[in-house]
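1. have a look; sequence and predicted model below, questions after that.
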Amino acid sequence: MPDNNINLTDGEWNIMECLWEEAPRTVTQLAKYLKESVGWAKSTSITMVTRMEAKGLVYFKDGGKAKLYYPAVRREDAVRQETRNFLSKVYRGSVSLMMSAMVESQELSQEEIDELYAILEKAEEVKKDG
């Protein structure tokens, strides 16, 4: 699934996190995880997994006694698309507007500022090499 078509709901993120953490998992394993992490009933978990399968977000293989579910979407792709959606929605697609907002509200620690410098230095290197 191309990453520009990934649009996960909060509930779908819960299931994907479970599968990204460890796959494959059976519906029973998913339901147990989701009951503990978000309090869902088994029927809710089954309904969500079925819908996600129809959307192409997860797939299963026959495991004998039970279906074994796998993520059909890489975490990196989902995060990338979610980040694009957030930037577009909140900051009109501008990373600099987002960073300005963070600086103005004094939300950045010194460690985060140092990390951002390192990221920007890496971006410059990639641009020079690319």
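-> That came through, no problem.
2. contacts and neighbour counts: CA atoms only from here.
-> Noted.
3. helices along the chain, start to end?
-> Assigned by DSSP state H, the helices in the chain fall at 10-21, 27-38, 42-55, 75-91, 95-104, 110-129.
4. can you tell me which of these is nearest to residue 65?
-> helix 27-38 (11.3 Å; C-alpha to C-alpha).
5. could you give the angle of the closest one to helix 10-21?
-> Going by axes from the mean of the first three to the mean of the last three C-alpha atoms, to 10 degrees, helix 27-38 is angled at 120 degrees with respect to helix 10-21.
6. got the angle for helix 27-38 vs helix 42-55?
-> Between the axis of helix 27-38 and that of helix 42-55 there is an angle of 110 degrees, by the same axes, to 10 degrees.
7. got the CA positions of helix 27-38 in CSV?
-> Once side chains and other backbone atoms are set aside, the C-alpha atoms of helix 27-38 remain, and they are given as CSV (Å, rounded to 0.1, in the frame of the first residue of the first chain):
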residue,chain,number,x,y,z
VAL,A,27,-7.2,-12.4,17.0
THR,A,28,-7.2,-13.8,20.5
GLN,A,29,-3.7,-12.3,21.1
LEU,A,30,-4.8,-9.0,19.5
ALA,A,31,-7.9,-8.9,21.6
LYS,A,32,-6.0,-9.6,24.8
TYR,A,33,-3.4,-6.8,24.0
LEU,A,34,-6.2,-4.3,23.2
LYS,A,35,-8.2,-5.2,26.3
GLU,A,36,-5.2,-4.5,28.4
SER,A,37,-4.0,-1.4,26.6
VAL,A,38,-7.3,0.4,25.6
